[in-house]
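In: Following is a predicted model, sequence given first.
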Amino acid sequence: MHNYHEINNTLPTHAVYSKDGKPLLSWRVLILPFIEQAKLFEKFHLDEPWDSSHNIALLPEMPKMYGRYDHKTTAAPYTTFYQVFVGKGAAFEGVKGLKLKEDFPDGTSNTILMVEAGEAVPWTKPEDLPYAADQPLPALGGLFMSTIRSALADGSVHSIKRETSEETLRAAITRNGGDTLGPDW
């Protein structure tokens, strides 16, 4: 994500969008050139949805880094737990990529960029974790019993304890809420 930002001066959007605003492909496809997968990226038809006859044929080429840490398979093949929060105040909001310095006033070391979701999704599908302040939090942590792995916007990795309060989690999800992380972080 940081390499993408360095070249494009923004983070990727949570999806590749059609001209009429429909999400077509995941951010996981957009960052392929930045994780040594440029040849795979070039195979995608960016103007077609993830499940078009062409793009769905690329599902089996899922990069290993989107797989499980323990190298076990997920319930459905070619799926990943690695997702982002999408919604007002989250690191992925709207149809334009955000800037790490200007758009993260709470601090990049205090904001979740990516997290292990509770359920795996096809890696090319533009499906992530919806976030809204007035809605319940989505299920997290489909890989480990005691912790949830997350990548913060500063590039660091943080293991979130399952006992972490909802208030602290919400503070970590939002990039511009003006709140601070609780002592349980």
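Out: Alright, I've got the coordinates.

In: Alpha carbons only: can I get the longest strand along the chain in PDB?
Out: The longest strand of the chain (DSSP state E) is strand 112-122. Written as PDB, here are the backbone C-alpha positions of strand 112-122 (Å, rounded to 0.1, in the frame of the first residue of the first chain):
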ATOM      1  CA  ILE A 112      -6.000   0.400  10.800                       C
ATOM      2  CA  LEU A 113      -5.300   0.100   7.100                       C
ATOM      3  CA  MET A 114      -6.000  -3.600   6.700                       C
ATOM      4  CA  VAL A 115      -7.300  -6.400   9.000                       C
ATOM      5  CA  GLU A 116      -8.100 -10.100   9.200                       C
ATOM      6  CA  ALA A 117     -11.800 -10.300   8.600                       C
ATOM      7  CA  GLY A 118     -14.100 -12.900  10.200                       C
ATOM      8  CA  GLU A 119     -15.000 -14.400   6.900                       C
ATOM      9  CA  ALA A 120     -12.900 -14.900   3.800                       C
ATOM     10  CA  VAL A 121     -13.900 -13.500   0.400                       C
ATOM     11  CA  PRO A 122     -12.700 -14.200  -3.200                       C
END
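
In: Buried by neighbour count: which residues of it qualify?
Out: Buried residues in strand 112-122, defined by neighbour count with 16 or more other C-beta atoms under 10 Å: 112-122. For every residue, glycine as well, the C-beta is placed using N, CA and C.

In: Same check on stretch 6-14?
Out: Of all the residues in stretch 6-14, those buried under the rule 16+ other C-beta under 10 Å are 11-14.

In: In the chain, what residue spans correspond to strands?
Out: Secondary structure of the chain (DSSP E): strands at 15-17, 23-26, 79-83, 85-86, 112-122, 129-130, 147-152, 157-161.

In: and among these, the most buried is which?
Out: Ranked by mean neighbour count, the strands of the chain are led by strand 85-86 with a mean of 25 (mean count of other C-beta atoms under 10 Å).

In: Can you give the contact residues for that one?
Out: 14, 91-93, 112, 115, 128-131, 173 (C-beta atoms under 8 Å, 6 or more residues apart in numbering).

In: May I have the distance across stretch 27-38, first residue to last?
Out: One end of stretch 27-38 to the other measures 14 Å (C-alpha to C-alpha, to the nearest Å).

In: who's in contact with it?
Out: If you take C-beta under 8 Å, 6+ apart as the criterion, stretch 27-38 is touched by 1, 3-4, 7, 12-16, 40-41, 44, 46, 50, 63, 65-66, 80, 82, 84, 92, 123-124, 126, 128.

In: for stretch 117-128, same thing?
Out: With contact meaning C-beta under 8 Å, 6+ apart, stretch 117-128 is reached by 14-16, 23-29, 44, 50-51, 55-56, 58-59, 62-63, 66, 74-76, 78-86, 92, 129, 138-142.
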